[in-house]
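Undergrad: Pasted the sequence and its predicted model underneath.
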Amino acid sequence: MTNNDLLCRFIFDNMPIRGEFIQLHDSFQSIINQHPYPSAIRRLLGEALCVAGLLSAIIKFDGRLSVQFRGSGKLKFLLAQSDNQFHLRALAKWEEEEVSYEELMESFNDGILVITLDSKKSTHQYQGVVPWQGNSLAESIEGYFRNSEQLATKLWLSVSETRAAGFLLQAIPTSHAATNAMEEQVIDLHWDRIVEATNAVTEEALLTSSCATVLTNLYPDELIRMFSAVPVVFQCTCSQKRSEDAILVLGQEEVEDELKNNRSIVVTCDFCNKQYIFDRVDIAKLFKDRDKPSSNIH
């Protein structure tokens, strides 16, 4: 069975440039079909998911990377996440029934876009603000790496009704303390040439061709090392325990008030729409267990 959701890494042997290629089908479909997203929101979610997956492959960490936006325009909220195992999930909230892609892009001027890293091994959270540049998510991510990390980066994103794909190139940081002007010029020439060659890639090729085919067609004369592709999947982090914790946070009084009008309380996951149902017996047991004194054995 062919895996339609893969991320492939590669490196140019004769120049300090690395790259990544991501294609999403099943995971993309799982995510966009969880809510009645308009076409423009589906496209934006596809782009954000590809960005989250690509960045997770660049940054070495054990945890979750988030691409998140909050704003006051027609796009209220966008969140795309990938952990270091390439488990993806995403969510968007918007205003009005129909919204155009151009209106979504305008919304980014009236909000804040951030990249967040949550590590399993540390309580410290890294968060980098991404200034909105140009008029696309790709240009803004490129600008973030160029200005904040001093790394030349280029992104190509493509989304159809059923698939999403992303292609990333990035200059590899030199390990030398200083690079002379001539070396910098040579590196820049390599970079410009490879970017120009990559600009020939079509959206159809990104969405439907294999990584090997794309690389061969774009760079027929280059020596490229391609690493084994890794699977990308949709995975939500909701659970029975998290739903129980959400109810406990509300407090017993508020929960019992809610039960006066309803036979049960339903906790629905924003991401996957899965419902966790708690009746009166479940609720009573939940608060009873919470209030039990812990037994310490000496």
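TA: That came through fine. Residues are numbered from 1 along each chain as shown.
Undergrad: The residue nearest the centre of the chain is in what secondary structure piece?
TA: Nearest to the mean C-alpha position of the chain, counting by C-alpha atoms, centre = their mean, stands residue 52 at 2.6 Å. Element membership for residue 52, per DSSP states H and E: helix 39-58.
Undergrad: pLDDT (mean, whole number) over that helix?
TA: On average, the pLDDT along helix 39-58 is 96.
Undergrad: Going forward, count from 806.
TA: Understood, numbering begins at 806; the last thing we discussed is helix 844-863.
Undergrad: Find the nearest non-adjacent residue to residue 948, please.
TA: residue 938 (4.0 Å; C-beta to C-beta, 6 or more residues apart in numbering). For glycine as for every other residue, the C-beta is placed from the backbone atoms N, C-alpha and C.
Undergrad: Figure out the helix or strand that that neighbour lives in.
TA: Residue 938 belongs to no helix or strand, assigned by DSSP H and E.
Undergrad: what's the distance between the residue nearest to the centre of the chain and residue 846?
TA: As defined by C-beta to C-beta, to the nearest Å, residue 857 lies at a distance of 16 Å from residue 846.
Undergrad: what does residue 974 give?
TA: In terms of C-beta to C-beta, residue 974 sits 28 Å off from residue 846.
Undergrad: can you check residue 870 too?
TA: From residue 870 to residue 846 the distance is 21 Å (C-beta to C-beta).
Undergrad: Looking at the two, which is more packed in?
TA: residue 870 (24 against 21; other C-beta atoms under 10 Å).
Undergrad: so the more buried one sits right up against residue 864, yeah?
TA: Yes: with contact defined as C-beta atoms under 8 Å, residue 870 reaches residue 864; the gap is 6.6 Å.
Undergrad: what touches both of the two?
TA: residue 922 (C-beta atoms under 8 Å, 6 or more residues apart in numbering).
Undergrad: Which segments of this protein make up each domain?
TA: Per automatic domain parsing, the structural domains of the chain span 811-978+985-1039, 1045-1096.
Undergrad: The first one spans what distance, first to last residue?
TA: Right, domain 811-978+985-1039. 12 Å (C-alpha to C-alpha, to the nearest Å).
Undergrad: Sketch out the helices for the stretch 906-1055 of the chain, chain order is fine.
TA: Along the stretch 906-1055 of the chain, the stretches classed as helices by DSSP state H, counting those that start in this stretch are 906-912, 942-953, 986-1003, 1008-1013, 1016-1023, 1045-1055.
Undergrad: Contact partners for the spatially closest residue to residue 1049 that is not a sequence neighbour?
TA: Leaving aside its chain neighbours, residue 1049 sits nearest to residue 1091 (5.8 Å; criterion: C-beta to C-beta, 6+ apart). Residues in contact with residue 1091 (C-beta under 8 Å, 6+ apart) are 1049, 1052, 1053, 1083.
Undergrad: Quick one: buried ones out of these?
TA: With burial judged by 16 or more other C-beta atoms under 10 Å, the buried subset of the contacts of residue 1091 is 1049, 1052, 1083.
Undergrad: from the domains of the chain, which stretch is densest packed?
TA: domain 811-978+985-1039 (a mean of 18; mean count of other C-beta atoms under 10 Å).
Undergrad: just to revisit the earlier point, chain center to the helix holding residue 857, what's the gap?
TA: 5 Å (C-alpha atoms, centre = their mean, to the nearest Å).
Undergrad: One more: stretch 860-867?
TA: Distance of stretch 860-867 from the chain centroid (C-alpha atoms, centre = their mean) equals 11 Å.
Undergrad: who touches that stretch?
TA: Counting by C-beta under 8 Å, 6+ apart, stretch 860-867 makes contact with 812, 814, 825, 827, 870, 872, 887-889, 891, 920, 922, 924-926, 946, 973, 975, all of which sit outside it.
Undergrad: sorry, back to before: check the gap between the residue nearest to the centre of the chain and residue 909 for me.
TA: 17 Å.
Undergrad: Residue 816 too?
TA: Counting by C-beta to C-beta, the gap from residue 816 to residue 909 is 34 Å.
Undergrad: now residue 862
TA: 26 Å.
Undergrad: for residue 924, same thing?
TA: Counting by C-beta to C-beta, the gap from residue 924 to residue 909 is 31 Å.
Undergrad: thinking residue 924 is in contact with residue 868, fair?
TA: Yes: the pair residue 924 / residue 868 is scored as a contact, 4.1 Å apart, by C-beta under 8 Å.
Undergrad: Dig out what residue 1069 forms beta bridges with.
TA: Note on residue 1069: beta-bridge partners residue 1084, judged by DSSP bridges.
Undergrad: isn't it right up against residue 1081?
TA: No: Residue 1069 is beyond contact range of residue 1081, at 10.2 Å (criterion: C-beta under 8 Å).
Undergrad: Thanks a lot, catch you later.
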